[in-house]
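**Q** give the three-dimensional model of this entry:
(2 chains)
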Amino acid sequence: MRERDVPQEGNATLDGKRKAIYAVGDDGKLRIVPSRGWEVEETVTRQALAELERHAQQARERVAAGHSSPLEYHMYRARMDLALLSQATGLWRWRVRRHFRPAIFARLPRALLQRYADALGMTPEALSKLDPS
Amino acid sequence: MASLLRHQGQPMSEAMAFGLSSALAFAYLPFIRLNGLPLIAYRMPPGTIIRGLDRGLRLGVRFETFRDPDAGMRRLDELLDAGHLVGLQTSIFWLPYIPRDLRFHFNAHNLLVYGREDDEYLVSDPVVEHAVRCARSDMQKARFAKGVFAPKGKLYYTTQPAARADLTALGKTALARTARIMLHTPLPLIGVRGMRWLARGVSRLPTADGGAAARLYAGHIVRMQEEIGTGGAGFRFMYASFLQELAAATGYAALEGLAQRLVAIGDRWQEFAIACARMIKRRDPLDPPALGVRLREIAADEQSFFRDLNHARLAWKS
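**A** Predicted coordinates:
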């Protein structure tokens, strides 16, 4: 990549920050050039985010319909999946999955709620609501 | 990592550190899943990079991990107060200074802490341009995140000044090691063969269901390639920069030409990324076999490149 070809397309996902890229200068030497972002990167980051967002929305609808507990929604909102949440809390997957059932989630002891809350970086109170504001 | 070295009085660029530790690689590990997609790495894991440098320069790098987060944080404070620079393995998700959209649960993010003030750490992070600060509680979460490659609070620091580097000898071993990894690893998932394996996987992606999964997969490859750190093409450019520096420092001119060829290969990787992005955005029809063909071409290029690199190393007199 030539130094003047270093993309400066203003990748919105970088939030105005710049990245260091190696590029060839006019003298044929490689050097580090700051880049404001590349459209390709933005595309793939957005795609991954949209996929996570889609999971969260589906979970949200299930919760609203009473088929699932807010825990599932918050898990996807924290960009996690079942495997990761299970590892982060130290609970078996089947237990986490069981806690996705609204009736069982409602009866969870405080200590377990706290464990989920810590793993997801939120408070136990917020965890049991759909919209923690 | 380069800053860790400079701290020990050894001037070294990022690219040099990257090359001397034989960090360039390729690995396709379908059995390690990140959000349900395979791990594709374009370089060695950071631990290997650091140990590779340690071997050449005899830095006496020490690694420590902790079961107890509090003990891990205490130890970090201790080392900082003793004037060490400390490298940390963290999960990028919990670092508040990273742009929100780039924060995924990815545990092999390495950064450097060079001091602390009150309840904040002073951090030098390769992803962001300037030095940043990070609150203690966030740092603890980032260091003790769980999941694939859980960092377990891993930290590392050097215990002795770097030995005087003999760039010719170090360079030769480093080139040999990289060529061996890329060409002769006895596993089909590593090096050039890994690229072919991935190409095969990509060619077989289903399109019958409208291609949602295939688009995600293609996007994932590109994300592993470009987004995380300097990325795949980025690492190729970085290695090319290393070859140039090595050529200048040792006066072995053959490396210069090889650097130019590697730049061309890096460009091919970027074209691959563009092709993927166009399919994701539906500007081009989804065509997994075409992506597979591109990957195979890059694999062929890299194969002949690393063969020539190895020959250049063998022909290196001095």
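**Q** when you work out contacts or count neighbours from here on, use the C-alpha atoms and nothing else.
**A** Fine.
**Q** using the three-state scheme, assign the most centrally placed residue in chain A.
**A** Closest to where the C-alpha atoms of chain A average out (Cα atoms, centre = their mean) is A:R79, at 2.5 Å. What DSSP: H, G, I helix; E, B strand; the rest coil gives for A:R79 is coil.
**Q** Three-state assignment for the residue nearest to it when sequence neighbours are not counted, please.
**A** Counting by Cα to Cα, 6 or more residues apart in numbering or on different chains, A:L52 is the residue found nearest to A:R79 once chain neighbours are left out, at 6.3 Å. A:L52 carries the three-state label helix when classified by three-state DSSP.
**Q** count the neighbours of A:L52 for me.
**A** Residues lying near A:L52 (other Cα atoms under 10 Å in any protein chain shown) number 18.
**Q** so it sits against A:M75, correct?
**A** No: using Cα atoms under 8 Å, A:L52 makes no contact with A:M75, being 10.3 Å away.
**Q** thinking again about what came up before, A:L108 versus the residue nearest to the centre of chain A, what's the distance?
**A** Between A:R79 and A:L108 the computed distance is 23 Å (Cα to Cα, to the nearest Å).
**Q** also B:Y42?
**A** Separation of B:Y42 from A:L108 (Cα to Cα) stands at 44 Å.
**Q** how about the helices in the stretch 201-318 of chain B?
**A** B:212-222, B:231-250, B:254-280, B:288-314 (DSSP state H, counting those that start in this stretch).
**Q** go on, chain A?
**A** A:39-64, A:70-77, A:82-89, A:93-98, A:102-106, A:110-120, A:124-127 (DSSP state H).
**Q** pLDDT (mean, whole number) over the last one?
**A** Averaged across helix A:124-127, pLDDT comes to 82.
**Q** can you check the second one too?
**A** Throughout helix A:70-77, pLDDT has a mean value of 86.
**Q** that one close to chain B?
**A** No: remark: helix A:70-77 sits outside contact range of chain B, by Cα under 8 Å from any Cα of the partner chain, the gap being at least 10.8 Å.
**Q** which non-adjacent residue is nearest the residue of the stretch 1-150 of chain B found nearest chain A?
**A** Across the stretch 1-150 of chain B, the shortest distance to chain A (Cα to the nearest Cα) belongs to B:K146, at 4.9 Å. Nearest in space to B:K146, with sequence neighbours left out and distances taken as Cα to Cα, 6+ apart, is A:A88 at 4.9 Å.
**Q** rewinding a little: the residue of the stretch 1-150 of chain B closest to chain A - that's part of a helix, no?
**A** No: assigned with three-state DSSP, B:K146 falls outside any helix and is coil.
**Q** tell me how many other residues crowd it.
**A** Counted with other Cα under 10 Å, the neighbours of B:K146 add up to 23.
**Q** who touches it in this structure?
**A** By Cα atoms under 8 Å, 6 or more residues apart in numbering or on different chains, the contact set of B:K146 is A:84, A:87-88, B:152.
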